[in-house]
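A.B. asks: Based on what follows, work out the 3D shape:
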Amino acid sequence: MGQRMSVPGDVPRKVVFFIELPEQIPVPHGSTLSRILDIHVPEYEYSVTRIVDRLPYTEVENEKGGLIVSIRFWQPLVPVDNPLSDALDQVIHAILPERLFKDHKRVDHPIPRPTTCRSIVDAVTLLLPADGDARVSKAFDRCLELIGEYGRIYQRSTANPIGPLSYERMPYIIPYITSDLNEPPSWDPGLSLLQLHFNLPSDIITEPVDQETMDKFHTHLHRHVRQDPIPAYVDAMFRARHAFEKVGDYGSAVIHAYIAAEVFLDIVLALLLWEERVEDPESAAIRIFKDRTVRRAKLHFKDRIGGNWSTVGGGAVGRWVTVLGALRHRVVHMGYWPTKDEAAEAIDVMNELTEFVKDRLCARRNSYPLSALLMLGIPGLERRGGWTSKMQRFVDEHKSDPDWIISFADWKTRFDASRPN
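C.D. replies: Numbers count the residues shown, from 1 in each chain. Sure thing, here's the model as predicted:
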């Protein structure tokens, strides 16, 4: 397969993507689905469109010249030890003219090998001049949207759960080829490659981490063995990012982003209460958790660490409530499937909230030095200009104190145990 080729951008061209699905959808070999989108393509007006001679799709009456997207499922049997390349090889050779492969010979394996079935989709649409430099990726998006719809319908009809057929779960490289709209078509001289993302297969070895990273690892390990409760929100943040970046499960990404934000706020509030030492953790839990999350935030943070805690408007707290909270509500209670952009914004709002609160902790470090140190660490204070000689003296003067992390962990364990269900 060659590098990505220059695609003429002044006229529409057919494009064919060859896509191995991340898990099998065992519909009959050759099953097809076509759709006419509400995007006008003059070249298709008043025609009975058959997109490509060897790319079979139901012939479509297309009087208004709408943009067609078509997908077809293949179920090739391939050796279990190398299914991807063999499966794509079978499909590509079945579709494209053999003259395109005069220098590419298929290898027949003389020894029989165990076989498995893979689902391959060849997806066809047009590259539109109006999409500019993004015309290949936008054409792929249109095809992937139809594949995702097909997968959800398959899931409903078979009661067989499958993962989201999302961008992030597709192969990181997608072969494609384009042609003009003539019959017979004039094809590119060879295949091109579209790189979707950087989620490399798990069997590709990456470079070992460097010593600086290993030093961070041992720092986190040292806190972990002392049962530090603070990283709980970090783990939730990574679950949100994994769902978004690696799996493309945008609904789960939104839910985990909201969980991360709520866990973070509860941890910070627990830190502040622990450092105040005004009441025992059991009494504090009963008093604090009689209110729901948003009301807790409005009641207990502003007087302690200052800042804008309005739950409306464009501030970090306002966006947490009106953007992330509202979207999470739709996902959880209405079965809404968020878009990729909505999930990305949800994660951005989560990050904005945590950064806002951390900035406030830094600003109030003289009132809550322990909370600032445990949540931000010296590097976090340094990045925010908060590692001052006064903070250094505080650390020096309290070196003989009982371990702060263990002390807070014990306090929060009692605090959480008394939290109303």
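A.B. asks: pLDDT on the helix or strand residue 287 falls within, on average?
C.D. replies: Using DSSP states H and E, residue 287 sits in helix 281-288. If you average the pLDDT over helix 281-288, you get 88.
A.B. asks: other SSEs contacting it?
C.D. replies: helix 250-276, helix 404-417 (3 or more C-beta pairs under 8 Å, 6 or more residues apart in numbering; DSSP states H and E). The way it works is simple: take the backbone N, C-alpha and C, and place the C-beta from them, glycine included.
A.B. asks: what's it in contact with?
C.D. replies: By C-beta atoms under 8 Å, 6 or more residues apart in numbering, the surrounding residues in contact with helix 281-288 are 269, 273-274, 278-279, 296, 300, 411-412, 414-420.
A.B. asks: Ok, stretch 233-252 next?
C.D. replies: So stretch 233-252 is contacted by 163-164, 166-169, 199, 253-254, 256-257, 259-261, 263-264, 267, 331, 336-340, 342-344, 346-347, 350-351, 354 (C-beta under 8 Å, 6+ apart).
A.B. asks: Just the buried ones among the residues you listed, please.
C.D. replies: Among these, those scoring as buried are 164, 166-169, 199, 253-254, 256-257, 259-261, 263-264, 267, 331, 337-338, 342-343, 346-347, 350-351, 354 (criterion: 16 or more other C-beta atoms under 10 Å).
A.B. asks: rewinding a little: how about JSON lines for the helices and strands packed on helix 281-288, with distance to residue 362 and mean pLDDT added?
C.D. replies: Below are these laid out as JSON lines (distance: least, C-beta to C-beta, whole Å; pLDDT from 0 to 100):
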{"stretch": "helix 250-276", "distance to residue 362": "12", "mean pLDDT": "95"}
{"stretch": "helix 404-417", "distance to residue 362": "17", "mean pLDDT": "93"}
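A.B. asks: Of those, which is nearest residue 187?
C.D. replies: Evaluated over those, closeness to residue 187 peaks at helix 250-276, with 35.6 Å, by C-beta to C-beta.
A.B. asks: Tell me what angle the closest one forms with helix 404-417.
C.D. replies: Angle of helix 250-276 versus helix 404-417, following axes from the mean of the first three to the mean of the last three C-alpha atoms, to 10 degrees, is 110 degrees.
A.B. asks: Over to residue 182. Which of the three states is it?
C.D. replies: Judged by DSSP: H, G, I helix; E, B strand; the rest coil, the three-state class of residue 182 is coil.
A.B. asks: likewise residue 243?
C.D. replies: Under three-state DSSP, residue 243 falls in the helix class.
A.B. asks: and it, how many residues sit next to it?
C.D. replies: Residues near residue 243, counting by other C-beta atoms under 10 Å, number 24.
A.B. asks: can you start the count at 43 instead of 1 from here on
C.D. replies: Okay, using 43 as the starting number, the last item reads as residue 285.
A.B. asks: Distance check, it against residue 350.
C.D. replies: Applying C-beta to C-beta, to the nearest Å, the value for residue 285 to residue 350 is 29 Å.
A.B. asks: do the same with residue 112
C.D. replies: From residue 112 over to residue 350 the distance is 51 Å, taken as C-beta to C-beta.
A.B. asks: Of these two, which one has the most company?
C.D. replies: For residue 112 versus residue 350, neighbours defined as other C-beta under 10 Å are more numerous around residue 112 (25 against 13).
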